[in-house]
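Engineer: sequence and predicted structure, then a few things I'm wondering about:
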There are 2 protein chains.
Amino acid sequence: MSKVRLPPIQTTARDDAVLEALADFVQQETLQPGDKLPTERILAERLRVSRNTVREALTRWEGLGLVERLQGSGTFLKAAVSPHMLHMPLTLAGGNDFASLMQTLEVRRALEAEAVALCAIRTGPQELDLIHHKLEIMEEAFHSRAGMSSEEDWEFHQAIYRASGNPLFEQLIAAMHEMFHRFWEHPLGVRDFGHASFPYHRTIYERIAARDAEGARTEALKLIATVEADLRRGEAARNQARQA
Amino acid sequence: MSKVRLPPIQTTARDDAVLEALADFVQQETLQPGDKLPTERILAERLRVSRNTVREALTRWEGLGLVERLQGSGTFLKAAVSPHMLHMPLTLAGGNDFASLMQTLEVRRALEAEAVALCAIRTGPQELDLIHHKLEIMEEAFHSRAGMSSEEDWEFHQAIYRASGNPLFEQLIAAMHEMFHRFWEHPLGVRDFGHASFPYHRTIYERIAARDAEGARTEALKLIATVEADLRRGEAARNQARQA
DNA sequence: TGCATGTAATTGGTTGGACCATTGATCCAA
DNA sequence: TTGGATCAATGGTCCAACCAATTACATGCA
């Protein structure tokens, strides 16, 4: 038995081929996120494959978040796609308990501190303006609605991640955020959550604007610390209620 | 126009429902990675859906790396699946190998530093022994094979992540590691890669053993810095070669 | 008996065609 | 102009058959 690995023959890989062809097509047409791509029926005809095969390929892209399918309207590009893209599926065991949230928060602390520091180093003037804009929106929402500004809060942070120059940070923290919120939608006790973190948004922005990476990192750590304290406070209250 | 967000009605979500049912099934049967799951035809019959729908659902799981399909033999579980799991595909814009690697490295710097610090705080004596053991294996491999100790190196780091008390770190960095290696299999020029990082493994261990979280973090940052330098060196050499 | 070979059953992969559900555009009437 | 009805386009589902790879089994030869 020789150990030569003869032609790793490509017997069947129809949908892989379809995806490859589609990636090429997207690049040739220079399609941007949000653009609509051809109908499944048209793709099937053009590529000389069954519509079902096209659907399996698109399903894979949909699962990877590269594409969004809207019944009745069409299929739309959701993220930039290049032929040589790397996909790294990440599965996080999401528990709905205190421990899981603390774990996600630990990861977020690591990522947020680094992202903020990188942002302070790399961000350009227009990105800085955007961050400032998001900050003011958030502060206004905070004052007018007395503390409930989670959506605006999130957009502020996202603007920072985007300005960090590394898209991985945004993707990763978005995952953390989603897991966090799946828990948070059912308000489990902590009132005024995020209230304590409010002032640090502005200090973070100021350190970034001053190009002070380490200062920004320090402020980000303070912010995470307040969230962590909120979380512990909620857990303690829940334990106490359980004993009563 | 009121801004109430009415129920995001769930009109059709057949394949989502299929995946949910499948996740439940996997958990009830306590299927482990490697186990075979029911035939597509059987699933279709049991769930009262078309085989086609089952396939679309499985295709999504396959894309996320949760499942492996082998024509002729069956579909096999590839990773642990629990109903409330978060599957997050990360997409890294390929094309420029160097830039992608640097991005993963930035994330790794953030995570590694935090994991090492947490490890210094939380690790128990037996976990510490394991880390020490892995360290010695790595050092011996390094000396006997003159620098090629990537596998043992990785196991050393893994032992640290496990001792950090937060499984998220291991999962995240494992994903980074895999992506890193996908590039590295094609040796792109840098000889003695990882050579410079060698001494810091022991210093990291020493700081952990001394329960010195900040010291451990500092040493971890030094280690990542050497890897980064190696990377830059390789890139510079490649650019120079291109110009010649 | 033991092993090889061929045959059948199993299982994922593909096809073509039909119909349903949602969306958006178009047209018509009040 | 506006409101509603109609219709075409498009993704979602279903069915039934067949292809391709794998596995299990039977058959037969040494």
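Structural biologist: Now that the structure is in, tell me what you want to look at. Quick caveat: nothing in here was measured; it's all calculated off a predicted structure.

Engineer: A:G215 should be in a helix, yeah?
Structural biologist: Yes. Under DSSP: H, G, I helix; E, B strand; the rest coil, A:G215 falls within a helix.

Engineer: quick one: it and A:L105, what's the gap?
Structural biologist: To A:L105, A:G215 is 22 Å away according to CB to CB, to the nearest Å. Placement of C-beta: from N, CA and C, glycine included.

Engineer: try A:L64
Structural biologist: 26 Å.

Engineer: separation between A:D153 and A:I208?
Structural biologist: 16 Å.

Engineer: which of those two has more neighbours?
Structural biologist: A:I208 (26 against 20; other CB atoms under 10 Å in any protein chain shown).

Engineer: the more buried one: what's it in contact with?
Structural biologist: Residues near A:I208 by CB atoms under 8 Å, 6 or more residues apart in numbering or on different chains: A:116, A:119-120, A:123, A:128, A:131, A:160, A:216.

Engineer: could I get those residues as JSON lines with pLDDT, neighbour count and secondary structure?
Structural biologist: Shown next, in JSON lines, are the contacts of A:I208 (pLDDT from 0 to 100; neighbours: other CB atoms under 10 Å in any protein chain shown; DSSP: H, G, I helix; E, B strand; the rest coil):
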{"residue": "A:V116", "pLDDT": "95", "neighbour count": "28", "secondary structure": "helix"}
{"residue": "A:C119", "pLDDT": "95", "neighbour count": "29", "secondary structure": "helix"}
{"residue": "A:A120", "pLDDT": "95", "neighbour count": "24", "secondary structure": "helix"}
{"residue": "A:T123", "pLDDT": "93", "neighbour count": "22", "secondary structure": "coil"}
{"residue": "A:L128", "pLDDT": "94", "neighbour count": "18", "secondary structure": "helix"}
{"residue": "A:I131", "pLDDT": "94", "neighbour count": "24", "secondary structure": "helix"}
{"residue": "A:I160", "pLDDT": "94", "neighbour count": "29", "secondary structure": "helix"}
{"residue": "A:A216", "pLDDT": "96", "neighbour count": "27", "secondary structure": "helix"}
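
Engineer: any idea which of these is closest to B:T53?
Structural biologist: A:I160 (41.1 Å; CB to CB).

Engineer: separation between that closest one and B:E214?
Structural biologist: From A:I160 over to B:E214 (counting by CB to CB), the distance is 25 Å.

Engineer: in whatever helix or strand A:A236 lives in, what's buried?
Structural biologist: Using DSSP states H and E, A:A236 maps to helix A:213-243. Within helix A:213-243, the residues scored as buried using 16 or more other CB atoms under 10 Å in any protein chain shown are A:213, A:215-220, A:223-224, A:226-228, A:230-231, A:233-235.

Engineer: residues of chain A that sit close to DNA strand C?
Structural biologist: A:12-15, A:48-53, A:56, A:70-73 (CB under 7 Å from any atom of the strand).

Engineer: please repeat the previous calculation with a cut-off of 10 Å.
Structural biologist: A:11-18, A:40-41, A:44-45, A:47-57, A:70-74 (CB under 10 Å from any atom of the strand).

Engineer: report the buried members of the residues you listed.
Structural biologist: With burial judged by 16+ other CB under 10 Å, the buried subset of the residues of chain A next to DNA strand C is A:15, A:18, A:40, A:44, A:47, A:49, A:53-57.

Engineer: span of stretch A:161-171 from start to end?
Structural biologist: 9 Å (CA to CA, to the nearest Å).

Engineer: for the closest residue to A:Q32 other than its chain neighbours, what are its contacts?
Structural biologist: Nearest residue to A:Q32, sequence neighbours excluded (CB to CB, 6 or more residues apart in numbering or on different chains): A:L77, at 7.0 Å. Taking CB under 8 Å, 6+ apart as the criterion, A:L77 is in contact with A:26, A:31-37, A:66-67.

Engineer: most neighbours out of these, which is it?
Structural biologist: Neighbour max across the contacts of A:L77 (other CB under 10 Å) = A:L66, 24 neighbours.

Engineer: please name the residues that touch the residue nearest the centre of chain A.
Structural biologist: In chain A, the centroid-proximal residue (CA atoms, centre = their mean) is A:A174; its distance is 2.7 Å. Contacts for A:A174 (CB under 8 Å, 6+ apart) come out as A:158, B:88.

Engineer: tilt between whichever strand or helix holds it and helix A:213-243?
Structural biologist: For A:A174, the host element (DSSP H and E) is helix A:167-184. With axes from the mean of the first three to the mean of the last three CA atoms, to 10 degrees applied, the angle from helix A:167-184 to helix A:213-243 works out at 20 degrees.

Engineer: now do helix A:167-184: distance to the chain's middle.
Structural biologist: 5 Å (CA atoms, centre = their mean, to the nearest Å).

Engineer: where along chain A do the strands fall?
Structural biologist: A:36-37, A:67-70, A:74-77, A:86-93 (DSSP state E).

Engineer: mean pLDDT lowest where, among those?
Structural biologist: Mean pLDDT across these is lowest at strand A:86-93; the value there is a mean of 67.
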